[in-house]
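A.B. asks: Provide a 3D model corresponding to the input given below.
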Amino acid sequence: MRRATLAWVIGLLVVVVTACSTQVHGSGTSGLPPLASDASLSVVDDAHTDFDRLAKNALTDVITYWQKAYPSISGGKALPALQGKIYSVDDIDLSAAASNEACIDGDPRNIQDNAFYCRLDDSIAYDRVGFLPKLAKTYGPYFVALVFAHEFGHAVQQRLGISASESSIVRETQADCAAGAFTASVLNFSAAHFRIGSAELDKVLVGYIQLRDPTSHSADDKGTHGDGFDRLSALADGINHGATYCYSADWSKRSFTERPFTSDSDYASGGNEPLAQVLDPSPPPTGGGLQPDLNVYWKQAADTINKDWSDVKIAEATHPPCATNSASEFGYCPDTNTVYYSDDIAKKAYQYGDYALGTLFVYGWGLAVQHQLFGRDLSTSSALLGSSCLAGAYSENVNVAGGGRSFALSPPDMDEATVAVLTMVGNDLVFGERGTTGLERIGSFTKGYFGGLGAC
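C.D. replies: Numbers count the residues shown, from 1 in each chain. Predicted coordinates for the structure are as follows:
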C-alpha cells in the first residue's frame with residue numbers, strides 16, 4: 001500500500017503449509033472411481049524415481065484430458081501428438097539425449113529447477129532433481145500435475161496456431177486457465193491417476209502462487225507470467241468455465257493487474273508501510289490511509305443507492321466481543337460498528353505484506369456494507385463470499401498509479417491480497433471458512449475486481 005506522498009512498497013511473501021492429502025495411485029479412496037495403475041508413458045532418461053512416476057501419471061492424465069477436450073476448441077480436429085519427446089533431466093549430470101533437446105541446448109541452466117514445453121521441437125522436459133520434487137513433498141502430488149497441465153497448455157497453443165509473438169502474460173495466463181480446465185476434470189473424478197478435493201486444492205494453490213514472477217523494476221520486462229492474482233484468477237476461470245473459455249479469441253483482450261515499480265526509489269525501498277501505520281486509522285501522513293479511504297469509498301457507494309453510511313471504526317481486542325468462535329481474533333461487530341483485531345493476528349497477517357493485513361480490514365468493511373446497507377445475516381457463507389466480491393471491487397478501485405488519491409495500492413499488493421484471501425480469511429482466527437473454499441473466495445474476489453460493485 002502507499003500514501004500519495006510515499007514510495008510504493010513491496011511485501012515479502014513467506015508461505016509454509018503441510019503436505020496435502022491428495023489421492024494418487026496406490027492409495028485407496030472409498031466411494032470414488034478406482035485409480036488406474038501407474039502410466040507407462042515413454043520418457044527419455046526415465047530414472048524410475050518416485051518423481052518420474054508422478055510425472056508420467058500427471059502427463060498421461062493431462063494428455064488424455066486434451067484428447068477429449070481439444071475437438072471442442074479446434075473445430076472438431078483431433079489432438080495432434082507431440083512430435084518431440086518427453087525428457088526427465090538430471091540438471092547435475094546432463095545426458096547427451098537431454099543436451100539435444102532444443103530448449104535445453106546443452107546448457108543445464110536452461111532446465112534447472114524447471115519444467116517446460118519447448119515450442120522449437122514440440123517437446124516437454126522437466127528437472128527431476130530440482131525444486132519440483134521438493135515442492136511436491138511440501139504441497140502434495142497434485143501440485144506437479146498442475147504444473148504439467150500448465151505446460152501442456154502451451155502445447156495446445158502451438159497446435160491452435162496462437163502466435164509466439166503474443167505477449168508473455170497473455171500466453172502464460174492462458175496456460176494457467178488450461179491448467180484450471182484440467183483441474184475441473186480431476187475434481188469431477190475424470191482423471192485416471194489423481195483424486196483431489198477442494199480443501200486439498202486450496203493447499204496446492206498456495207504453492208502455485210509462489211510460481212508467480214517477482215514485481216519487475218522495468219516496464220520493458222516482456223517475460224512475465226503475471227502476478228499471483230493474475231495467475232490464480234486465470235486458473236479459477238479455467239475451473240469454472242472450461243477449455244473453450246480459455247482458448248476463445250477474447251483471451252488476448254483480458255485485463256491484468258501486474259505492473260512494475262516506476263522508479264529506483266520505489267524499487268529500492270522494498271518496504272511496506274510500518275505495521276503501526278497500517279493499524280493507525282488517522283488520515284495520512286500519520287496513518288496509512290486505508291481505513292479513512294474505506295469509509296469515503298463506501299459512503300460514496302451508499303449515496304448512489306440513497307442509503308446512509310456510518311463510518312466503521314477499528315479497535316484492538318484479544319477477542320471481538322460479538323464473536324461466537326472463541327478462537328477468533330479478528331472480526332466485525334455490527335452493534336458497535338467496529339472491526340476488532342488482536343495484536344498477534346495483525347502481526348501474523350502483516351508477515352505476508354501490508355495489504356495482506358489490509359485485505360482483512362477490507363473484508364471487515366465488506367461485512368459492514370452488507371449489514372448497514374442490506375441488513376444481511378453476517379454469519380453465512382454468502383456473507384463471506386459477498387465480502388470477497390466487495391473486497392475485489394474496492395481493490396480494483398485503489399489499484400491505481402496516481403490520480404490524486406490519498407491512498408492507493410503498490411505493485412505487489414495484489415499478490416498480498418491473493419494470499420490473504422486464499423489462506424488468512426478462512427482461518428478460524430479470522431473470519432473462518434463458513435463452508436467456503438479458498439478457490440471460491442478467489443473466484444468471488446475476481447468477480448468483484450473485474451465486474452465492479454454491480455457484479456456483487
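A.B. asks: What number of residues are in the vicinity of Leu275?
C.D. replies: Neighbour count of Leu275, defined by other Cβ atoms under 10 Å: 17. The C-beta positions use only the backbone N, C-alpha and C, and glycine is treated the same way.
A.B. asks: Give me the nearest residue to it, chain neighbours excluded.
C.D. replies: Computed as Cβ to Cβ, 6 or more residues apart in numbering, the closest residue to Leu275 that is not its neighbour in sequence is Tyr350, at 5.0 Å.
A.B. asks: And that neighbour, what's its pLDDT?
C.D. replies: As predicted, Tyr350 sits at a pLDDT of 96.
A.B. asks: got it, and Asp264?
C.D. replies: The per-residue pLDDT reported for Asp264 equals 60.
A.B. asks: And for the one 3 residues further on?
C.D. replies: With respect to pLDDT, Tyr267 scores 53.
A.B. asks: Okay, helices next: where are they in the stretch 51-200 of the chain?
C.D. replies: For the stretch 51-200 of the chain, applying DSSP state H, counting those that start in this stretch gives helices covering 96-99, 131-139, 141-160, 168-187, 198-208.
A.B. asks: Tell me who's in contact with the residue nearest to Leu275.
C.D. replies: Under the criterion of Cβ atoms under 8 Å, 6 or more residues apart in numbering, the contact partners of Tyr350 comprise 272, 275, 278, 356-357.
A.B. asks: Could you report the neighbour count for Ala420?
C.D. replies: The number of residues packed around Ala420, counting by other Cβ under 10 Å, is 26.
A.B. asks: would it count as being in a strand?
C.D. replies: No - the assignment for Ala420 (DSSP: H, G, I helix; E, B strand; the rest coil) gives helix, which keeps it out of a strand.
A.B. asks: circling back to that earlier point, just the contacts of Tyr350: which are in helices?
C.D. replies: Judged by DSSP state H, helices contain the following of these: 275, 278, 356-357.
A.B. asks: who wins for neighbours among those?
C.D. replies: Ranked by neighbour count under the definition other Cβ under 10 Å, the ones in helices among the contacts of Tyr350 are headed by Leu357 with 31 neighbours.
A.B. asks: ok, it touching Ala349?
C.D. replies: Yes - counting by Cβ atoms under 8 Å, Leu357 touches Ala349, with 4.0 Å between them.
A.B. asks: what touches both of those two?
C.D. replies: By Cβ under 8 Å, 6+ apart, Leu357 and Ala349 have these common neighbours: Ala420.
A.B. asks: Now do the strands in the stretch 301-450 of the chain.
C.D. replies: In the stretch 301-450 of the chain, the strands defined using DSSP state E, counting those that start in this stretch lie at 313-316, 330-333, 338-341, 407-408.
A.B. asks: and the shortest one, what other elements does it pack with?
C.D. replies: Helices and strands in packing contact with strand 407-408 are listed as strand 2-3, helix 290-304; criterion 3 or more Cβ pairs under 8 Å, 6 or more residues apart in numbering; DSSP states H and E.
A.B. asks: what helices or strands is the last one leaning on?
C.D. replies: Put plainly, it is helix 290-304. Contact partners of helix 290-304 among helices and strands, from 3+ Cβ pairs under 8 Å, 6+ apart: helix 354-374, helix 381-398, strand 407-408.
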